[in-house]
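Participant: Please work out how this folds:
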Amino acid sequence: MTSDAAPQDMAPKAEAPQEPEQKPAPAPTPLASPAVRPDTSKLVIPHPVTFVASPYKTATTTVGKAVVALGVGKRDMLHRGPLLRDHLPAIKAANTLARQARFAPVFMEHHTDEVREILADLIKAVRKFDVFSDAPLGHAHVHPFVRKAIAPQSKFIWVHRPVEEWISSVRRWEEGHPETYARHMFWTSDPERRPRELRRMRKIHVQRFRALARAYPDDCLEIKVSELEDFTKLAEFYGVEPPEAPLKRYNVNSG
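Facilitator: Residues are numbered from 1 along each chain as shown. This next block holds a predicted model:
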């Protein structure tokens, strides 16, 4: 008998499963180049300098001239009000970075290049000087960390004047130069305001000076006005012989 069933080899074959279509692999994303830090090695004051860092009316002019008399400085940059005004926005930007830092070496590691770029124009304007006893780089307008960043071979001097004597001297100076010191009016209109402001300012800036001194003790000197009767302590700081001539005092009033 003939079977109606199809022979085994005539049964329809199941289709082989189709491989999913392979899409070409995307090209690898190139690795980002590491950030290239700018070369700021030339954006510095390249020679040894001295910053007289205490506030005005603390014998800073006397110290600046004494540093020159010792032979460790040649040219003191005295008060340059227009230079301070022209570069004040850049100074404030650099100071803002420094105020957020507690340790000078950490600040130097992370912000030196940035600070030098911010203050590039100011650096160019002051490079010919090696002593700064007045504004903008003397006194306390620029944070000590910032000044160390732009002048690696720098030394700092803070002059201590008895606080009440200093406040009295500031009052006499500000009231005698009302066109320069807008706050002079507060000495009479609000007698407690200026002394309070001055004490607070002095406290803040001496703390910043000492923060720098902890990291660079050989580069920082605290000296009393009474120790400026001769060159002894300044000469020891610089490692030079004191001159025989007396140390001349400049622009200091008793208040």
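Participant: Check whether Glu241 really touches Val72, as I assumed.
Facilitator: No: taking contacts as Cβ atoms under 8 Å, Glu241 lies outside contact range of Val72: 11.3 Å. For glycine as for every other residue, the C-beta is placed from the backbone atoms N, C-alpha and C.
Participant: When those two are compared, which one has more neighbours?
Facilitator: More neighbours surround Val72 than the other of Glu241 and Val72, with 20 against 10 (other Cβ atoms under 10 Å).
Participant: Report the contact partners of that one.
Facilitator: Residues near Val72 by Cβ atoms under 8 Å, 6 or more residues apart in numbering: Pro48, Thr50, Tyr238, Val240.
Participant: Relative to Ala66, how far out is it?
Facilitator: 10 Å (Cβ to Cβ, to the nearest Å).
Participant: Check His79 too.
Facilitator: 18 Å.
Participant: again with Ala101
Facilitator: Ala101 is 31 Å from Ala66, by Cβ to Cβ.
Participant: for Val240, same thing?
Facilitator: 12 Å.
Participant: Looking at those two, which has the bigger crowd around it?
Facilitator: Ala66 (28 against 13).
Participant: pLDDT at the more buried one, what is it?
Facilitator: The model reports Ala66 with a pLDDT of 97.
Participant: Need the pLDDT of Arg249.
Facilitator: 87.
Participant: what does the one 3 residues further on give?
Facilitator: Here the pLDDT value assigned to Val252 is 62.
Participant: do His184 as well
Facilitator: 87.
Participant: Going forward, the N-terminal residue is numbered 50.
Facilitator: Got it, the first residue is 50 from now on, which makes the last one we talked about His233.
Participant: Nearest residue to it in space, please, no chain neighbours.
Facilitator: Closest residue to His233 apart from its sequence neighbours, by Cβ to Cβ, 6 or more residues apart in numbering: Glu223 at 4.3 Å.
Participant: tally of neighbours for that neighbour?
Facilitator: Neighbour number of Glu223 under other Cβ under 10 Å is 21.
Participant: same thing with Ala174?
Facilitator: 16.
Participant: cool, Val255 as well?
Facilitator: 17.
Participant: do Lys141 as well
Facilitator: 12.
Participant: Which helix or strand contains it?
Facilitator: In the assignment (DSSP states H and E), Lys141 maps to helix 130-148.
Participant: Check the offset of the helix or strand following that helix from the chain's centre.
Facilitator: Where DSSP H and E defines the elements, the next helix or strand beyond helix 130-148 is helix 153-167. For helix 153-167, the distance from its own C-alpha centre to the chain's C-alpha centre is 8 Å (Cα atoms, centre = their mean, to the nearest Å).
Participant: Quick one: list the elements packing against helix 153-167.
Facilitator: With contacts taken as 3 or more Cβ pairs under 8 Å, 6 or more residues apart in numbering; DSSP states H and E, helix 153-167 sits against helix 130-148, helix 193-199, helix 242-264.
Participant: Poorly predicted segments of the stretch 150-299 of the chain, please.
Facilitator: Residues of the stretch 150-299 of the chain meeting the criterion pLDDT under 70: none.
Participant: Report the rounded mean pLDDT for the helix holding Lys141.
Facilitator: 96.
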